[in-house]
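> sequence first, then the predicted structure:
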Amino acid sequence: MTPSATSSGRTRMLKADIRELILGPYDKRVMNNTYRAHFAECLIAWALGEQWRLTWQKGWDWAAWDLESESGVRLEVKQAAARQSWDPPKTPKRVPRFDIAPRKGYWTPEGNQWVDIPGRHACIYVFAWHGEVKAELCDQRNAKQWVFHVVPTSVLPEHQKSIGLGALRKLKQVEPCRIGELESAVSRVSVAGATKGE
C-alpha cells in the first residue's frame, strides 16, 4: 500500500469516527436534555415539510424562534421527557414544565443588531412530550412515542415563565396530536390567526 493510499484510508476512517461521535448521542433510546432538544426540533422540521426551515440551518445560532415557514410564520419548540438519561430502571414520577418566559429582545440573523422588543417572538409554540417511563419500552428516537401540543402564542399566560403539562392541556385552542397529524395541526393554528409574533 502506498503512503497516499494509507493517508486516504486514514482520512476516511477519521471522517467515519467523527460522524459516529457526532451522531452517536442522538442514536440512544434515552437522550440527554441537550441532544433530545436538537432531536425534537429536527423531528418537527421533518414532519412539517419543505416549506419550513430550522433557523440555525443558515447560521442563526441565537435565533429567538426555532423554525420559520416560507410565509414568515415563526415557531418555537419546547420539549420534555418522562424518562431521563440518568434514571434508574424504575423511573420516578415527574411533573413536566416547559419554559415560556418572554424574552427581552433578540439578535438579528447577522448577529450584529439587537432588536429591543420584549415578548414572545414566535407565532406558534409546539410543546413536544415523550411520556413513556418504562425502560424496556422507552425509545425517544421513535417519533410515534411523542405527543405534540400546538398552541398559538396569544393564548399563553402573558407574564408566566413556565407552564406545566396539565395547565397546557387546558388552554383554549391547544391542538394535541401525534407526529402524523402535526403538519395539519400547525396549519390550522396558523390559519386561525397566529401569523405574527408578538
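Good, I have the coordinates.

> and the most centrally placed residue in the chain, which of the three is it?
Computing the C-alpha centroid of the chain and ranking residues by Cα atoms, centre = their mean puts Glu41 first, at 3.0 Å. Assigned with DSSP: H, G, I helix; E, B strand; the rest coil, Glu41 falls in the helix class.

> that one contacts Leu54, doesn't it?
Yes: applying Cβ atoms under 8 Å, one finds Glu41 in contact with Leu54, separated by 6.2 Å. C-beta coordinates here come from the backbone N, C-alpha and C atoms, glycine included.

> overlap in contacts of the two?
Asp66, Leu67 (Cβ atoms under 8 Å, 6 or more residues apart in numbering).

> quick check, pLDDT for Val126.
On pLDDT, Val126 comes in at 98.

> got it, and Arg29?
Reading off the confidence values, Arg29 has pLDDT 95.

> need phi/psi at the nearest residue to it once chain neighbours are set aside.
Closest residue in space to Arg29, ignoring its immediate chain neighbours: Asp139 at 4.6 Å, by Cβ to Cβ, 6 or more residues apart in numbering. Main-chain torsions, Asp139, degrees, to the nearest 10: phi -150, psi 100.

> try Glu76
phi -110, psi 140.

> from Ala64, how far off is Pro102?
Using Cβ to Cβ, to the nearest Å, Pro102 is found at 11 Å from Ala64.

> quick one, domains of this structure?
1-29, 31-191 (automatic domain parsing).

> weakest of those in terms of mean pLDDT?
For the domains of the chain, mean pLDDT drops lowest on domain 1-29, to a mean of 75.

> rewinding a little: which of the domains of the chain is buried the deepest?
Comparing the domains of the chain by mean neighbour count (mean count of other Cβ atoms under 10 Å), domain 31-191 comes out on top with a mean of 16.

> now do the contacts for the nearest residue to Asp27 once chain neighbours are set aside.
Nearest-residue entry for Asp27: Arg141, 6.9 Å, with adjacent residues in sequence omitted and distances by Cβ to Cβ, 6+ apart. Arg141 makes contact with Tyr26, Asp27, Lys28, Arg29, Met31, Phe39, according to Cβ under 8 Å, 6+ apart.

> need these in TSV (columns: secondary structure and distance to Ala167).
Listed next are the contacts of Arg141 as TSV, based on DSSP: H, G, I helix; E, B strand; the rest coil; distance: Cβ to Cβ, whole Å:
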residue	secondary structure	distance to Ala167
Tyr26	helix	30
Asp27	coil	33
Lys28	coil	30
Arg29	coil	29
Met31	coil	26
Phe39	helix	25
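
> give me the contacts around the helix or strand hosting Val186.
For Val186, the host element (DSSP states H and E) is helix 182-191. With contacts defined as Cβ under 8 Å, 6+ apart, helix 182-191 is touched by 44, 47-49, 69, 73, 75, 123-124, 126, 148, 150-152, 173, 175, 177.
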